[in-house]
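In: coordinates only, sequence not included:
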């Protein structure tokens, strides 16, 4: 087979809001339920539902859990540090989006 004829194909799953169970989140992150429960106890993740069996997580929770996992695994950050780091990263992202929005508005006003 000629390598020039190969096409890169991306596959994935669309995750709707509040559709992931605890088991789904564990499989997606490659972790045990105990670790996800610790993230909830530290308010790093906020599931919908009162009982653990009824918990539902959003796609944003999956991204946050994977980020938490990388912080712990790669940098050795504890749960309290993970919570702080993720909150600061989200705040930084919000500030960047606001700055970009204001910059675009300013450029539009200069035309």
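Out: It's in. This one's a predicted model, so the numbers in the text were calculated from it and none came from an experiment.

In: residue ranges with poor pLDDT in the protein?
Out: The model of the chain has pLDDT under 70 over residues 1-18, 111.

In: burial measure for residue 82, as a count.
Out: Using other Cβ atoms under 10 Å, residue 82 is surrounded by 22 other residues. The C-beta positions use only the backbone N, C-alpha and C, and glycine is treated the same way.

In: quick one: it and residue 43 touch, right?
Out: No: with contacts counted by Cβ atoms under 8 Å, residue 82 stays clear of residue 43, the gap being 10.7 Å.

In: surely residue 79 touches residue 44?
Out: Yes: shown here, residue 79 and residue 44 form a contact pair, counting by Cβ under 8 Å, at 7.0 Å.

In: more crowded one of the two?
Out: residue 44 (22 against 17).

In: next, the closest residue to the more buried one other than its chain neighbours: phi, psi?
Out: Counting by Cβ to Cβ, 6 or more residues apart in numbering, residue 44 lies nearest to residue 83, which is 5.0 Å off, once chain neighbours are set aside. Backbone geometry at residue 83, expressed as degrees, to the nearest 10, gives phi -60, psi -50.

In: and the strands in this protein, which stretches?
Out: Read by DSSP state E, the chain holds no strands at all.

In: tell me the centre residue of it?
Out: When Cα atoms, centre = their mean is applied to the chain, the residue found nearest the centroid is residue 63 (1.6 Å).

In: on that earlier part again, the residue nearest to residue 44 touches residue 45, doesn't it?
Out: No: between residue 83 and residue 45 there is no contact under Cβ under 8 Å: 9.9 Å.

In: which of the two has more neighbours?
Out: residue 45 (23 against 18).

In: now the more buried one: closest residue in space, sequence neighbours ignored.
Out: Nearest to residue 45 is residue 39, by Cβ to Cβ, 6+ apart, at 4.5 Å.

In: so the one you found sits against residue 68, correct?
Out: Yes: if you go by Cβ under 8 Å, residue 39 and residue 68 touch, sitting 6.0 Å apart.

In: overlap in contacts, the two.
Out: Common contacts of residue 39 and residue 68, defined by Cβ atoms under 8 Å, 6 or more residues apart in numbering, comprise residue 82.
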